[in-house]
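A.B. asks: Here is the input, now give the coordinates:
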Amino acid sequence: MAITTAFSGGLLTVMGNSAADTVNFRQSNGLISIAGLNKSWNASQVSSISISLLGGADRLSLNSLANGGNQALAENFTIKSGDGVDVVRLANGKDVTMNGVNHTLTVSSAGVATLDGKRLSWDTPSPSPNPSPNPTPTNWFDTNVVDVALRTLGHNLYADGRIDRNDIIALLKNVEDGGTVDATELSDLKKIVGNSTLFAGLDYVKALSGYIVNGNTANAHYQGQSLGNLAAGSTTAQLENLINKWFLGLDRPTASGTYRQIAGSLFVNGATYGDVNQGYLGDCYFMSSLGEVALKSPSTITNMFVVNGDGTYTVKFFNNGVAAYVTVDSYLPTDSGGRLIYAGIGKLATNASNELWTSLAEKAYVQINEMGWLRGYLSGNGQNSYAAIEGGYIYAALGQITGQTTTPFTSTAGNTSFTAFVAAYNQGKMIGFASMSNPASNQVVGGHAYAVVGYDATNQTVTLFNPWGTQYGLVTMTWSQIQGSFGYFDRTA
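C.D. replies: Numbering: from 1, shown residues only. Sure, this is the predicted structure:
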């Protein structure tokens, strides 16, 4: 077993490692032991147990009887989470989930559990002949949730007035007892995700949990296998996969190359169009749109992302102006040398100076395509595959990134086209040009999308950015040159 232990002064210390650890405590005939570890400690000499769960998805059980012991544990436990999704099973058989680092679970010798300062209790107290003058106040869960365990957990989690990402994951996992999701539990979950007030402005948490509980077209598959929407009688394995898909980003798209975890920061000195570097994928319409939005409204780009703190990122797009969300992890497709092959092409996955936002936005765009609305009648619609997003329209990508309405296919031909462009530019619109198949200028790539990054009113020239990256330079052209190489431009309305 890959864990280490130490005992001194009544404190038993247990340390995990970076792998996924399984630690099952048991007590028999006055001796405390850990299943699979050839050690034991005299229970009368152990006053407290401190456990540090490091990397990996760890599983810890304090249920001695379930682990082969014949006595319940009566020690004080302190458990610190690692950087994975850790699940602790208490002596009463209920699970506590700790998602990411900096969470602390304490369990007293009397069995009282407290997570990050919030007391967790699944016991229904007996009526007191002398009720407290300051009884625990009720909240929404007490009067709306039928399942006792779910109601009690929800009451405790909502004590701070908000159900956050970790809270909803814990609530979802709470119904995994018994091997199936029963009709009462499903009904309760629907009530929870249907109440916006509970989430106190965390729209992405409400949306992602809604995709799990209420269903979504993308639920048809997970990691290339059939999955399906949650229903009464669904197995806990199905629910676990739905959690993995929407909250942990584990439904990675089909891709060339090999997925590797990438080091780096989401943003380095903010978002700029110069960060865009299209890779071996024909999604110039999307990459140029990212660059255009980064230039005109960098806050739109930074607000696309929620950093979850566990190596995952929730990313926002828009379907006809309505926000939709997807979660990606920090694994990206690489070549045999460990370098990115799509957006951010050539970056070494292990380089801590990497800037990740373009690569993660592209991956999220691929994953959200599985919802079935991203590409309309274009090929690849509804597929969770990088290849599926090849070929598309600038106006569609601009709208999906910003939530704004857009104006497509304004021809560069005719006497009024230049006036229309100048008016849009001066109004701060986001604009992208689509080149002809055989452009007149050898500076322009045929059948390609470019972002507008400048206009010189004095010389009446337009400066364009090729999403292949700044190493290809900028192209500055007069309108007559534009007309010889570009067929139309799209813009936000």
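A.B. asks: low pLDDT regions in this protein?
C.D. replies: Judged by pLDDT under 70, the chain has its weakly predicted residues at 1-2, 121-137.
A.B. asks: Kindly state the domain boundaries assigned to it.
C.D. replies: Structurally, the chain divides into domains by automatic domain parsing as follows: 4-120, 140-247, 258-402, 406-492.
A.B. asks: Where do the strands of the stretch 51-200 of the chain begin and end?
C.D. replies: According to DSSP state E, counting those that start in this stretch, the stretch 51-200 of the chain carries its strands in the segments 59-61, 76-80, 85-89, 95-99, 104-107, 113-115, 118-120.
A.B. asks: Relative to the last one, what are the paired strands and their orientations?
C.D. replies: Taking DSSP bridges as the criterion, strand 118-120 forms sheet pairs with strand 113-115 (antiparallel).
A.B. asks: which of the residues in the strand it pairs with are buried?
C.D. replies: Using 16 or more other C-beta atoms under 10 Å as the test for burial, strand 113-115 gives Ala113, Thr114, Leu115. Placement of C-beta: from N, CA and C, glycine included.
A.B. asks: Pairing partners for the first one in the sheet, please.
C.D. replies: Note on Ala113: beta-bridge partners Val107, Leu120, judged by DSSP bridges.
A.B. asks: if I read this right, it contacts Leu105, doesn't it?
C.D. replies: Yes - counting by C-beta atoms under 8 Å, Ala113 sits close enough to Leu105 to count as a contact (6.6 Å).
A.B. asks: Overlap in contacts, these two.
C.D. replies: Jointly contacting Ala113 and Leu105 under the rule C-beta atoms under 8 Å, 6 or more residues apart in numbering are Val96.
A.B. asks: Show me where the stretch 251-400 of the chain has its strands.
C.D. replies: Using DSSP E, counting those that start in this stretch, the strands of the stretch 251-400 of the chain run over 258-261, 305-307, 312-319, 322-329, 331-334.
A.B. asks: Please tabulate those in a markdown table, including the columns mean neighbour count.
C.D. replies: Output for those, formatted as a markdown table (neighbours: other C-beta atoms under 10 Å):
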| stretch | mean neighbour count |
| --- | --- |
| strand 258-261 | 14 |
| strand 305-307 | 16 |
| strand 312-319 | 21 |
| strand 322-329 | 20 |
| strand 331-334 | 23 |
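A.B. asks: Go ahead and flag the most central residue of this structure.
C.D. replies: Taking C-alpha atoms, centre = their mean, the centroid of the chain lies closest to Thr327, which sits 2.6 Å from it.
A.B. asks: where exactly do the helices run in the stretch 351-493 of the chain?
C.D. replies: Counting by DSSP state H, counting those that start in this stretch, residue ranges of the helices within the stretch 351-493 of the chain are 357-368, 394-402, 417-426, 479-485.
A.B. asks: Show me what the longest one is in contact with.
C.D. replies: Yep, that's helix 357-368 we're talking about. With contact meaning C-beta under 8 Å, 6+ apart, helix 357-368 is reached by 218, 249, 251-253, 262, 266-267, 271, 275-277, 281, 283, 286-287, 290, 301, 304-305, 313, 315, 317, 324, 326, 328, 330, 332, 340, 342-344, 347, 374, 384-386, 388-389, 400.
A.B. asks: give me that answer again for 6 Å
C.D. replies: Counting by C-beta atoms under 6 Å, 6 or more residues apart in numbering, the neighbours of helix 357-368 from elsewhere in the structure are 253, 266-267, 275-276, 313, 315, 317, 326, 328, 332, 342-344, 384, 386, 389.
A.B. asks: still on that earlier bit, which of the domains of the chain is buried the deepest?
C.D. replies: Mean neighbour count (mean count of other C-beta atoms under 10 Å) peaks for domain 258-402 among the domains of the chain, with a mean of 20.
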